[in-house]
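Undergrad: just to be clear, the model below is a prediction. Sequence and coordinates:
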There are 4 protein chains.
Amino acid sequence: MIHDTRGGLEFAVADLGLAEFGRKEIRLAEHEMPGLMALRREYADTRPLTGARIAGSLHMTVQTAVLIETLTALGAEVRWVSCNIFSTQDHAAAAAVVGPHGTEEEPRGVPVFAWKGETLEEYWWCTERLFDFGDGSGRSSRSGHRLGPNMLLDDGGDATLLVHKGTEFEAAGAVPAAADDDPEEYRIILETLRRSLAAAPGRWTEVATEIRGVTEETTTGVHRLYQLAAQGRLLFPAINVNDSVTKSKFDNRYGIRHSLVDGLNRGTDVLIGGKVAVVCGFGDVGKGCAEALAGQGARVIVTEVDPICALQALLEGYQVARLDDVVDRADIVITTTGNKDIITADHMARMKHQAIVGNVGHFDNEIDMAGLAAVPGIRRITIKPQVDEWVFPSGDGHRPGGHSVLVLSEGRLMNLGNATGHPSFVMSNSFANQVIAQVELFTKYDTYACEVYRLPKVLDEKVARIHVEALGGELTRLTKEQAEYIGVDAAGPFKPEHYRY
Amino acid sequence: MIHDTRGGLEFAVADLGLAEFGRKEIRLAEHEMPGLMALRREYADTRPLTGARIAGSLHMTVQTAVLIETLTALGAEVRWVSCNIFSTQDHAAAAAVVGPHGTEEEPRGVPVFAWKGETLEEYWWCTERLFDFGDGSGRSSRSGHRLGPNMLLDDGGDATLLVHKGTEFEAAGAVPAAADDDPEEYRIILETLRRSLAAAPGRWTEVATEIRGVTEETTTGVHRLYQLAAQGRLLFPAINVNDSVTKSKFDNRYGIRHSLVDGLNRGTDVLIGGKVAVVCGFGDVGKGCAEALAGQGARVIVTEVDPICALQALLEGYQVARLDDVVDRADIVITTTGNKDIITADHMARMKHQAIVGNVGHFDNEIDMAGLAAVPGIRRITIKPQVDEWVFPSGDGHRPGGHSVLVLSEGRLMNLGNATGHPSFVMSNSFANQVIAQVELFTKYDTYACEVYRLPKVLDEKVARIHVEALGGELTRLTKEQAEYIGVDAAGPFKPEHYRY
Amino acid sequence: MIHDTRGGLEFAVADLGLAEFGRKEIRLAEHEMPGLMALRREYADTRPLTGARIAGSLHMTVQTAVLIETLTALGAEVRWVSCNIFSTQDHAAAAAVVGPHGTEEEPRGVPVFAWKGETLEEYWWCTERLFDFGDGSGRSSRSGHRLGPNMLLDDGGDATLLVHKGTEFEAAGAVPAAADDDPEEYRIILETLRRSLAAAPGRWTEVATEIRGVTEETTTGVHRLYQLAAQGRLLFPAINVNDSVTKSKFDNRYGIRHSLVDGLNRGTDVLIGGKVAVVCGFGDVGKGCAEALAGQGARVIVTEVDPICALQALLEGYQVARLDDVVDRADIVITTTGNKDIITADHMARMKHQAIVGNVGHFDNEIDMAGLAAVPGIRRITIKPQVDEWVFPSGDGHRPGGHSVLVLSEGRLMNLGNATGHPSFVMSNSFANQVIAQVELFTKYDTYACEVYRLPKVLDEKVARIHVEALGGELTRLTKEQAEYIGVDAAGPFKPEHYRY
Amino acid sequence: MIHDTRGGLEFAVADLGLAEFGRKEIRLAEHEMPGLMALRREYADTRPLTGARIAGSLHMTVQTAVLIETLTALGAEVRWVSCNIFSTQDHAAAAAVVGPHGTEEEPRGVPVFAWKGETLEEYWWCTERLFDFGDGSGRSSRSGHRLGPNMLLDDGGDATLLVHKGTEFEAAGAVPAAADDDPEEYRIILETLRRSLAAAPGRWTEVATEIRGVTEETTTGVHRLYQLAAQGRLLFPAINVNDSVTKSKFDNRYGIRHSLVDGLNRGTDVLIGGKVAVVCGFGDVGKGCAEALAGQGARVIVTEVDPICALQALLEGYQVARLDDVVDRADIVITTTGNKDIITADHMARMKHQAIVGNVGHFDNEIDMAGLAAVPGIRRITIKPQVDEWVFPSGDGHRPGGHSVLVLSEGRLMNLGNATGHPSFVMSNSFANQVIAQVELFTKYDTYACEVYRLPKVLDEKVARIHVEALGGELTRLTKEQAEYIGVDAAGPFKPEHYRY
């Protein structure tokens, strides 16, 4: 059991073996994360994050541990939670607490509030902890002042949401009651804030004031930020890391190409080849899913609302259909949309026996889990953690003889819940952008307004260059004449802003 | 021999059989171009291009004939040239002159100045003809006024170049002499303008004033437009059709996937499978080339200057190397860059015997044809039109025994020179954008400044939708709740402007 | 016009330009046919085919010209016909007549009876000519003896058929009348033989006696040979070249992967990507077709009768369905079966407008062309040679508004009729096996019975090795210990006879 | 802890939770194994294996449990061991002991001697146990007679080896001493037999006499059987199940396509995309590996000794090279050969840092593990079970700074050791052939000689048909006319014996 009492907290994330295993995995992962290691080397002397107090909400995996230790190597003080109840790798969490220079008896890493298989209450309790860089009361034990983060690093926007909602309700004077049709999770968020505001009135407003900015890396989280900015309600500047090309076109696509298959295999051991797999959504994540499934010999059918993405799917050789029309033929159905109610309980009632259902979009409402649980007579058999067989009753409008569907990770991100998420190399791209964005916002926050920004292309290219070299790729160099001919600098950037790659 | 004397011109593009064959091909192509046919139906009554005099410079193929007849169906008066000396399909040109309602004896189509295998002098003579909607003297035979186009439709920017250079030299008072190191083609352009200005002083300035705008569809042409706009020298508004998603991500990528292989096969009949193919550049065109070659079983090596594109190539499983390092191993080398001197004479001197060299980028200077022809002792054997074997001398720093390389289409676009260019369906996307852009600029030109614009995303999605339906794809519709959840209109557009597809 | 009077024949295959072009193409093709060139080097001194009179019936292409000249380089006297009415490349035929050492004025090549676009009568007239190595009367002008071939080289078995049927009818005393339901072509064969027997009674029996053996390279032709052998009616030994691995798994598969797409493109210029393509049959040819179409972005559906091949198709990610069930969804339908009535007139009546229909199996009866022509009210519009649009009448059980299908090469092998057949490199494998088999049978015919044989695996591996080296592949060598461990000779053969590759 | 005292044995394979989990997994797997379930239905009444005592040596996985329970459903008495020290899934073993009708307190399944992570001594002790169907002494407790198996079901031939070696040494009168250069494992086999013969002289000769035959399913095991038969030393008939098409072309290829990636992911979590992966061997297993790795975006290089397979690799677009020449560029190296010393210690000394090394061929000597362990100064760090980092010393002929390689499953089958082996559906094909072969040999053993046989093609097609239907494939049926035309029965078999698929 690891105890870490820095900051007045006492928590326990792991036993001895876990941390030791985690440190080994982190060491191996460092080699696969050349982007982060290059940044450590580049900033070894200047340590530009000195003074930064970073609250990070992002899947607590081995890769994230390498990110955390890059941030600390650049001078930051860090606290961490996972942004998904199933995505924590306990050995990674334990090892992050121990840190590169600590021991299990004397951990010298960072406080981590995360474990695999949190309840929603626990999840939001952890997220709230993130905002306390003090003694557990949210205040510095030394000065007695409120001590929260001055930077957020977010994945999906839950940390950002909490501080925005907290500030909003403080301004309103009270936390509202949940409406009848609010999702269960929102009820818990309100409860968390109600408790928080009771304990420390004005806390969130103070916290928000101190925050210099947030860097966010998901499509969903970025979407929320643009909405807030459009409404003039964004409380601090934001950098949209998701839309760095080396993030969205790599992590989203090539990461999922790897981890979707990994999650399916670890979860079910079912042959993918020869099966009919429906991929809902053909954005970057959907493209990666389709490629992965086709690469394993599945017949892939794509569903799309956007005609441009649909036309891409068709020209890649995939059938484009509506889920309604093909649901009774599918062996595997994967959601990638970031939207809700993509697979309904009615869809699942019409699926083949032992059809596999998983989500790699964002929230668990892509699959209507609540609706599924509410089907009269349905039974849930847990095969193993994160793999549930839901057995429909026989007859009464259902298939005679009954049938079941296999739902992965309770509808949450199955590539993280059933496997270990995206592999190190691809995350090295995304996280290098995160680190660069943190440095940018922390050191130059006064030049940014409360808007959403993207990193300049030249930094994107820098991240790419490191990873090309790590893979042994040899870049061609433009001659002076060639650079002039096409009107670019021979050192880049090479493309106009609107270029799509 | 077809004579068309409308406008005072007399020209001959085709014999009888050609036009008949061309009309058949146009009829078949119409079915494969649902985007254009949908626009004909949509605008059948309003005919919004009535009054437009469109000068088009774009490969004179069967697909282009369907474009031309769509423009005339919308009310426009049209004149046409090809934008490449080898890309004209003579039967398409003939059929465009005959027109859908004409006969070979009484053609009722449009004047076309283009044939397969023009000399450069002929090419620029044709391009100059484009600007004369009058009686051959550039003036209306009725009014005696200068009668040029009021709209340009461009591919590569040659028509745009001529009017800009003409105007520039008219302002300067004289056409400059060519510099010693100017390319041969520039010398011809200057000569063309010198002759033109002598015959009709002030002509280009007058012509430019009348032009409401240009729609341009290539990366290279658009690049020129942005440069002109940045220098404040753009003479009329421009719509960048190239960067409509349904153009750049479809025509550039899926068009070349089709026509690269077609050009290689018609040109050489050489097995692609098992061969080492180097693709220079991994933009949209390079991606399509690599996919096509890999799909035929070649081992593809990619060269790139841009680390982001290089990283994409690596993650798609391609080797990324410098041409210098792999040129002696390559069986096929294809340029896709839009830059110059990609394959030098020195590279070709080091290639394997009978290595195949082709360009699908833009201009013929991607391959240093001048340098090749200047190699001492080299011999050129024309195997058939657009296929030359260049035989290097033996010894003296060259491979003993001599070796040869096969150069397609003299270094010009081999997918057009050796085959028939992109197929109808993919061009239906590009050309639907062209037509929409022509209507937009012609009818609303007074709302545009002399800048470069892109079409709004909703029109992009409209073009895509037509083609999805034509392929039998079934689009999913967002429910009201889903649309609200992700904050878009259920009818689209579905993505933010910066989305990359 | 080329006149070749050797043997008393006078025929004309080509004009001057054709032969010159053909010689150039042959020279280029030699470099792509390392298997044949290696055999020329190996047998340069011994010339083991000296004394052989080889009658060859095989698509008269550029590649075949290299085969012919390899046979003559090894000492053989050769005569040639094409085994398909559309597959002759006239320039290749002309160049084969001129020969490597001849001129157009003084041809020194071999007699060739073949041109592109023969009628069936002409086809069988040509095939009959093949058996006359004499003065045109079938006899030596010197000795007056019957002078036919002593070796057959066959593709599809038509030459073999003629000599077997001739012998059979001679034994029976008469050529039977055609039955009412005999195909048109059989009627012509009977007529040819009736004429032949009238002119020279006993001719075929004499010819058959002289023949030392046949080497056959198609699935269909081999199938006929096994049937004859099983019935004890095979008149001479046969070597089944088709089932050399370097033939069936390369020519059939990788050859068609190349030439199917080539034929579709040259015939129709229609975008393959995004289309629904049905491949009838998933043997080696079907596998190559499916891979080619998928590689161009089509959605491929496979039809199969053999469950093993069907299971392979499924596990490669293809849908397996019956043509009946998907015919109204298909944009392209390709037959690869070697069976008959795969696509019926009824199927074509139910296809989409402008659906493309082609055959790469064996005979033209895979597509029921007779049935199609017999549809009441149907119209045939020839778009260009080997491309016909068949327009169905509107209504009356047909789709309202009428629809048409595009039939390639009149239902015959469209990869040869619409393109140039398999490329040189792949044919180098097949033809190297042919040459090896000819040498084997000609020199050791007395050790063979009237059965069907396959070449020993070690020769298969020899052919493969030459082509691996030509592609730059580096083979690993077994150590002595490794060879002993797996119980093979370090020089091969490496696999048991039943190994499937 | 499960105790099973039937047969006088007492052993313990699992705790309660394991068996329960195993039963759930078996239930799910049954749905994915339609071949076995169809055989259960077909033979439900006749129970043709009544009286059979089957000794099975085959990876003790969930799929194997379904096989075992199919054999018992057909009437057999069964005992089981794993044929690999790491491949047992303990939950599957436990569940097989419990059986479908037993409970953990009262197991009613079959005796299983297998657990994950056996030592070699334990492995051969288990294998010896397999031959005792009696009371633990090898004799019936009732009759006192020797009671061994009367059927063998083998994977890799270890059970067959033991009975052949035992018989051989009994005939020789003694077990020989191990030679100095015998592998460690052979020493243990000799020791096992020495002990066995001391305890029960003549036992193996008696056992062999009773055995009606063996069915074997690996390339390696079959190879041994053909060697024994060729030497006249095979003691009983054998059916080569490996070369049923539905085994070798499916299990070997599509099974590994699935499980290779699974093993790499579970073992290392390293991104496969963009990496250089060397696949040693391009037989069916190598083909599956290459496809899987390419499908995940790796650049695949193939090594081969057989030029035919090498040519296939080249035409599929893979580079073919020698391991020696590319070993310093590889990120992942996989052996698939069934031969030895494919990856030597010297190779590993030259690899990149953290290169991954794994074997999916057959024995662990494909990778020279003994040589690796013997490198002076090398250190082994176990990252987690079945994943070892071997750290080379720095300098002294090694790379400066030291480097390490990651070896999976100690060089044994990593798809089983690091993952769960081939998935159910593909094993359903292989195991259906096993069951059919067991029924055939058990019921008709007196019609078979001591040779190696293959199953007739019609049974192969039957197995395929079941699985085609399970995947929703629709087979086309030959008409009577079509069947006659190609000379086959409309019900199959459809291909000649030598057909290669």
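TA: Structure's in. What do you need? Residues are numbered from 1 along each chain as shown, chains lettered A, B, ... in the order given.
Undergrad: now the nearest residue to residue A:129 once chain neighbours are set aside: phi and psi?
TA: Leaving aside its chain neighbours, residue A:129 sits nearest to residue A:113 (4.6 Å; criterion: Cβ to Cβ, 6 or more residues apart in numbering or on different chains). Every C-beta, even on glycine, is put in place using the N, C-alpha and C of the backbone. Residue A:113 has phi and psi values of phi -110, psi 80 when expressed as degrees, to the nearest 10.
Undergrad: now do residue A:343
TA: According to degrees, to the nearest 10, residue A:343 has phi -110, psi 120.
Undergrad: against residue B:190, how distant is it?
TA: 65 Å (Cβ to Cβ, to the nearest Å).
Undergrad: quick check: residues of the stretch 301-450 of chain A near chain D?
TA: Counting by Cβ under 8 Å from any Cβ of the partner chain, the stretch 301-450 of chain A comes close to chain D at A:329, A:353-354, A:381, A:383-384, A:389, A:406, A:419-420, A:423-426.
Undergrad: among those residues, which lie within helices?
TA: A:424-426 (DSSP state H).
Undergrad: and of the residues you listed, the nearest to chain B?
TA: Proximity of these to chain B (Cβ to the nearest Cβ) peaks at residue A:426, which lies at 8.3 Å.
Undergrad: tell me the pLDDT at the spatially most central residue of chain A?
TA: Using Cα atoms, centre = their mean, the residue of chain A that lies closest to the mean C-alpha position is residue A:155, 4.4 Å off. Listed pLDDT for residue A:155 reads 96.
Undergrad: residue D:51: which of the ones in helices among the residues of the stretch 301-450 of chain A next to chain D is nearest?
TA: When these are ranked by distance to residue D:51 (Cβ to Cβ), residue A:424 comes first, at 56.4 Å.
Undergrad: what about the closest residue to that closest one other than its chain neighbours, distance to chain B?
TA: Leaving aside its chain neighbours, residue A:424 sits nearest to residue A:32 (3.6 Å; criterion: Cβ to Cβ, 6+ apart). Between residue A:32 and chain B the distance is 14 Å, computed by Cβ to the nearest Cβ, to the nearest Å.
Undergrad: how close does residue A:32 get to residue D:270?
TA: For residue A:32 relative to residue D:270 (Cβ to Cβ), the value is 6 Å.
Undergrad: so residue A:62 makes contact with residue A:26?
TA: Yes - applying Cβ atoms under 8 Å, one finds residue A:62 in contact with residue A:26, separated by 5.8 Å.
Undergrad: overlap of the contact sets of these two?
TA: Contact criterion Cβ atoms under 8 Å, 6 or more residues apart in numbering or on different chains; residues shared by residue A:62 and residue A:26: A:92, A:95.
Undergrad: close to chain D: what parts of the stretch 51-200 of chain A are there?
TA: Within reach of chain D by Cβ under 8 Å from any Cβ, the stretch 51-200 of chain A has these residues: residue A:62.
Undergrad: what about the residue nearest to residue A:129, neighbour count?
TA: Residue A:113 has 25 neighbours, counted by other Cβ atoms under 10 Å in any protein chain shown.
Undergrad: and it, what is it in contact with?
TA: When contacts are counted by Cβ under 8 Å, 6+ apart, residue A:113 touches A:11, A:79-81, A:125-127, A:129-130.
Undergrad: chain B: which of the residues you listed is nearest?
TA: Of all those, chain B sits closest to residue A:127, with 21.8 Å by Cβ to the nearest Cβ.
Undergrad: beta partners of the spatially closest residue to the closest one that is not a sequence neighbour?
TA: With sequence-adjacent residues excluded and distances taken as Cβ to Cβ, 6+ apart, residue A:127 is closest to residue A:81, at 5.3 Å. In this entry, residue A:81 is beta-bridged to residue A:57, residue A:113, by DSSP bridges.
Undergrad: and the helix or strand hosting residue A:26, how far out from the chain's middle?
TA: In this assignment (DSSP states H and E), residue A:26 forms part of helix A:16-31. Taking the mean of its C-alpha atoms, helix A:16-31 sits 21 Å from the chain's own mean (Cα atoms, centre = their mean, to the nearest Å).
Undergrad: return the alpha-carbon coordinates of the helix or strand that comes right after it using CSV.
TA: The helix or strand immediately downstream of helix A:16-31 is helix A:34-42, counting by DSSP H and E. What follows is helix A:34-42, C-alpha atoms only, in CSV (Å, rounded to 0.1, in the frame of the first residue of the first chain):
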residue,chain,number,x,y,z
PRO,A,34,10.2,10.0,-28.7
GLY,A,35,8.1,13.2,-28.8
LEU,A,36,8.0,13.5,-25.0
MET,A,37,11.6,12.5,-24.5
ALA,A,38,12.7,15.1,-27.1
LEU,A,39,10.8,17.8,-25.2
ARG,A,40,12.5,16.7,-22.0
ARG,A,41,15.8,17.1,-23.6
GLU,A,42,14.9,20.4,-25.2
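Undergrad: now the angle from helix A:34-42 to helix A:16-31?
TA: 80 degrees (axes from the mean of the first three to the mean of the last three Cα atoms, to 10 degrees).
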